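**Student:** For reference, the sequence and a predicted model appear below.
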2 protein chains.
Amino acid sequence: MIGNEQKRTFRIALDAMGGDFAPVNEINGALKALEEKEPGLNLEIVLVGNETKLKSIIRRADYSGNDLTIYNASDVVTMDDDPTQVLKKKKDSSLYIGMDLLAKGYVDAFVSAGNTGAVLSTATIILGRIHGVSRPTIASYFPSFRNYPVIVLDVGANIECKPRFLYEFAIMGSIYANQMLGLEHPRVGLLNIGEEETKGTETLQQTYELLKQSQMNFIGNIEGRDVLMASADVVVCDGFTGNVILKFAEGVYSLMKAKFKQYSKKSFIYALMLIIASPVLKKIFKDFDYQKHGGVPILGVKGVVIVGHGKSTPFAIQNMIYKAVEQVKKEVNARIENALNPTAISEQNLKG
Amino acid sequence: MIGNEQKRTFRIALDAMGGDFAPVNEINGALKALEEKEPGLNLEIVLVGNETKLKSIIRRADYSGNDLTIYNASDVVTMDDDPTQVLKKKKDSSLYIGMDLLAKGYVDAFVSAGNTGAVLSTATIILGRIHGVSRPTIASYFPSFRNYPVIVLDVGANIECKPRFLYEFAIMGSIYANQMLGLEHPRVGLLNIGEEETKGTETLQQTYELLKQSQMNFIGNIEGRDVLMASADVVVCDGFTGNVILKFAEGVYSLMKAKFKQYSKKSFIYALMLIIASPVLKKIFKDFDYQKHGGVPILGVKGVVIVGHGKSTPFAIQNMIYKAVEQVKKEVNARIENALNPTAISEQNLKG
C-alpha cells in the first residue's frame, strides 16, 4: 500500500496568470513547492499561461527539473471580469484551460489566485457538481483558540441558502475537517444569534432540525463569539454572513497592525514595548493572517479546486499546491459523494 | 440659554434589578454617577426595584443625598424570561414599572442591564414607536481605527429587514452619530459582500437605491473589513448580520486575552515580553471591551432607553446613565421624528 502510494504522481495545474502578482509569484511558488516537497512525493506542476512569458521567467530562475511543464493559454481572466462571462468570452484564458485540463483528467487538481467568482462559476459549469450536491461552496479557515483552524462555510458562494444547502455544507465541511484537519468527530455548529433551537430565521430553524436528525456531530447553534473560541470545528452559515465575518476577521488583523503603528508613533516608550514583545505578538497575530493558509477549497464540484487571495505570496501559492495534493490524496470528493448518496459506506464516512 | 440649561433636572430611571449583579452593581453605578457627574448637571436617579433590598444596601453605602430615590417594584424580569410575556405576566417588575415611569413622563430616560429582548419589546409596546419609524432598532458601538467608535445598526432587534427598515436605521444612525459623536456629516455605509451596487440580496440592492437617493452622506456598500477600519461612521445591516459581527468582535477580545494567557504559560520569555508591553496592549485592546461604552440605545421608540450587558460593572452603569442624559439633552428622538416626517426642519437634520 505504501509503495503504491509513493509511486503515484500528483499532477497539479496552476493558473499562472491569476493573481495580482502573476506570473512571478505563481512561478516562484511552484518552484518552492517542487524544491521543498516532502520526500517521496511525486509532484508535477503544470503552469497554465502565456508560454513566452512563463518560459522567460523560468529561464532566469534556472530550473532544470522536468516536473514543471507549461501549458499555453493566451488570454487572462482579470479581477474585474464578470464571472459569468468566462465561459463565453475567455475560453483561451489560463483559468478556463486549467479547469478544462482538470475536467479531462489530465491533472488531479487546479489551483488559482485569480478572480474567485470566476473560478467558482467556471468550476461549477466545466467540472459539474458532485452528485447530490445542490450548491458548491467555498470553505475557509478561521483563526481560533485551538492549534488548528475552524472551518467556516459558505464564505461567499451562495448569499441566500435553503436549509438543504446549509445541511449539505455541514456534510462537506465535516468530511473536509475530518480528512484535512484529522478531527475524528468534527463538531458542527450552526451560526445563529442565540443558542436556542427557536432562534433565527425560519431557514435556520429548519436547518437546525435537519442537522439534529443527521448523523453528524451537531452541537447546535453557536454565536459570533464562539467562532474564534472554536466552540465548533465546522461552522455553517450562508455565504453572506460567512463573507462578512471572513472580511471582518481580516479587518481585525489590519486594525491591529494599524493600532501598533499608531501607538508606536505616539510614544517612544510604546514603540519600545511593542518591539520587545514583537516575537510573541507576531506568533499570536500570525493566525489572523490569511496568507498563512494559502488558499481555500471549492467543495462540491467534481474536482479539487483551490482558490487563493489575489495578493498570494509565493509561500501561499506553495501551500495551495500542497493543500491540493492532500485533498486529492484524502479523496475528499469521493467521500462527499458517498455521504450525499447514502449507502452503507457513506454512513461510516459521516461518522468518521 | 445656558442658565436655562443648568436649571433643568434630568431624571433617569434605573432598572435596579436587571443585570446579573443586580442590585449591587446598579446601586454602586448610580452612586458613582451622582458623585462624579459634571459640575452643574442636575441629575436625579430613580432606582426601580425591591424597596427593602435597595434601602438596606444604600444604608450601608451611607449615602445622604436627596437625588437618589427608590420606586418600589416587587417583581423581576430574568434573563430567561420570554420577552413577549413581560407585558402579560410581569407588570410588577422593575422593567415594566421603570418603562411605565418613562411613558408617563415621570422620568426622562430608562436604563437597564437586564434582558435586552424584554427591554426592547416592552419599550416598543409601552412607549410606542416614534411616528414614521417602522421598526425600533438597537445601535451598537464598534471599536475602530479612529478615536471614536463606529455605530452599527441593527445589532439584533430585527433579524429580517425590508429596505425601508434599513433606510430608517440609516437615518436614525446618522442623527445619533451626529449628535452623540459630534460628526458633522456621518458617512453611512451599507454592509454588503462587495462594493458594487449590484452586490448582495435584492433587499440590499433596493436599500442601496433608497440610500443613494437620500440626503444622507451615503458612501455606498462597505465590506466586513471596512467596519473596523472605520470606512463609514454608521454601518447599516439587518439585525442578524449585526448581531453576528457584534459577538464576533467580542470573540476577538476573548481570543486575544486567551492567546496572551496561552503564550505566557508556554514560555517565561513570552510572559515577560507581554508584561513589558502590557501598558500599550491594554490601551489597544480597551477599544474591544464593550463594557467601556456602558450600554447601547434602543432607537425609534418614544423615549430614551439604554440597554447594557448583563455583566455590566458599576462603571458601565454609570456611563449608561450619562449616555441617557446626553441623549435626552441632544433631543435625538425629536430629531429622528423630524427626519422621518419631512418638513423644512427635517431636511436640515438629515444633513446634520
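**Tutor:** That came in fine, so what should we check first?

**Student:** Spell out which residues make up each domain of chain A.
**Tutor:** Domain ranges of chain A: A:1-133+A:300-352, A:143-291, per automatic domain parsing.

**Student:** In TSV: those, plus mean neighbour count.
**Tutor:** Every residue, glycine included, has its C-beta placed from N, CA and C. Below are these laid out as TSV (neighbours: other Cβ atoms under 10 Å in any protein chain shown):
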stretch	mean neighbour count
domain A:1-133+A:300-352	19
domain A:143-291	20
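
**Student:** between these, which one is nearest to chain B?
**Tutor:** Chain B sits nearest to domain A:143-291 of all the domains of chain A, at 3.1 Å, using Cβ to the nearest Cβ.

**Student:** quick one on the thing from earlier: closest one to residue B:285 among the domains of chain A?
**Tutor:** Closest to residue B:285 of the domains of chain A is domain A:143-291 (Cβ to Cβ; 8.9 Å).

**Student:** got a markdown table for the domains of chain A, with distance to chain B too?
**Tutor:** Formatted as a markdown table, the domains of chain A follow (distance: least, Cβ to the nearest Cβ, whole Å):
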| stretch | distance to chain B |
| --- | --- |
| domain A:1-133+A:300-352 | 9 |
| domain A:143-291 | 3 |
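
**Student:** Turn those domains into TSV, including mean pLDDT.
**Tutor:** Formatted as TSV, the domains of chain A follow (pLDDT from 0 to 100):
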stretch	mean pLDDT
domain A:1-133+A:300-352	90
domain A:143-291	93
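
**Student:** Phi first, then psi, for residue A:219.
**Tutor:** Dihedral angles of residue A:219 (phi, psi; degrees, to the nearest 10) stand at phi -100, psi 0.

**Student:** Who are the contact partners of the residue nearest to it when sequence neighbours are not counted?
**Tutor:** Among residues not flanking residue A:219 along the chain, residue A:187 sits closest, at 4.8 Å (Cβ to Cβ, 6 or more residues apart in numbering or on different chains). Residues near residue A:187 by Cβ atoms under 8 Å, 6 or more residues apart in numbering or on different chains: A:217, A:219, A:231-234.

**Student:** So what sits opposite residue A:187 in the bridge?
**Tutor:** Listed beta-bridge partners, residue A:187: residue A:217 (assigned using DSSP bridges).

**Student:** and the longest helix for chain A?
**Tutor:** Longest among the helix segments of chain A by residue count, using DSSP state H, is helix A:239-266.

**Student:** ok, residues contacting the helix or strand that that helix is followed by?
**Tutor:** Once helix A:239-266 ends, the next helix or strand along the chain (criterion: DSSP states H and E) is helix A:268-286. The contact list for helix A:268-286 (Cβ under 8 Å, 6+ apart) reads A:253, A:256-257, A:260, A:263-265, A:292, B:256, B:259-260, B:263, B:270, B:273-274, B:276-277, B:279-281.

**Student:** and with 7 Å instead?
**Tutor:** A:253, A:256, A:260, A:263-264, A:292, B:259, B:263, B:270, B:273-274, B:276-277, B:279-280 (Cβ atoms under 7 Å, 6 or more residues apart in numbering or on different chains).

**Student:** Can you say which two of the residues you listed are spatially most distant?
**Tutor:** Greatest spatial distance among the contacts of helix A:268-286 (Cβ to Cβ): A:292 and B:279, at 29.0 Å.

**Student:** So what's the gap between the longest helix of chain A and the chain middle?
**Tutor:** Centroid displacement of helix A:239-266 relative to its chain, using Cα atoms, centre = their mean, to the nearest Å, is 20 Å.

**Student:** what angle sits between that helix and helix A:268-286?
**Tutor:** For helix A:239-266 against helix A:268-286, the angle by axes from the mean of the first three to the mean of the last three Cα atoms, to 10 degrees is 150 degrees.

**Student:** in terms of contact, does residue A:95 touch residue A:117 like I think?
**Tutor:** No. At 11.1 Å, residue A:95 and residue A:117 do not qualify as touching, with contact defined as Cβ atoms under 7 Å.

**Student:** tell me the helices in chain A, going along the chain?
**Tutor:** With DSSP H as the criterion, chain A has helices spanning A:2-7, A:24-35, A:51-61, A:86-89, A:94-103, A:116-122, A:163-180, A:202-213, A:224-228, A:239-266, A:268-286, A:314-329, A:332-340, A:344-351.

**Student:** I'd like those laid out as JSON lines, including distance to residue B:285.
**Tutor:** Conversion of the helices of chain A to JSON lines gives the following (distance: least, Cβ to Cβ, whole Å):
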{"stretch": "helix A:2-7", "distance to residue B:285": "47"}
{"stretch": "helix A:24-35", "distance to residue B:285": "34"}
{"stretch": "helix A:51-61", "distance to residue B:285": "44"}
{"stretch": "helix A:86-89", "distance to residue B:285": "44"}
{"stretch": "helix A:94-103", "distance to residue B:285": "42"}
{"stretch": "helix A:116-122", "distance to residue B:285": "32"}
{"stretch": "helix A:163-180", "distance to residue B:285": "30"}
{"stretch": "helix A:202-213", "distance to residue B:285": "32"}
{"stretch": "helix A:224-228", "distance to residue B:285": "14"}
{"stretch": "helix A:239-266", "distance to residue B:285": "9"}
{"stretch": "helix A:268-286", "distance to residue B:285": "12"}
{"stretch": "helix A:314-329", "distance to residue B:285": "28"}
{"stretch": "helix A:332-340", "distance to residue B:285": "38"}
{"stretch": "helix A:344-351", "distance to residue B:285": "41"}
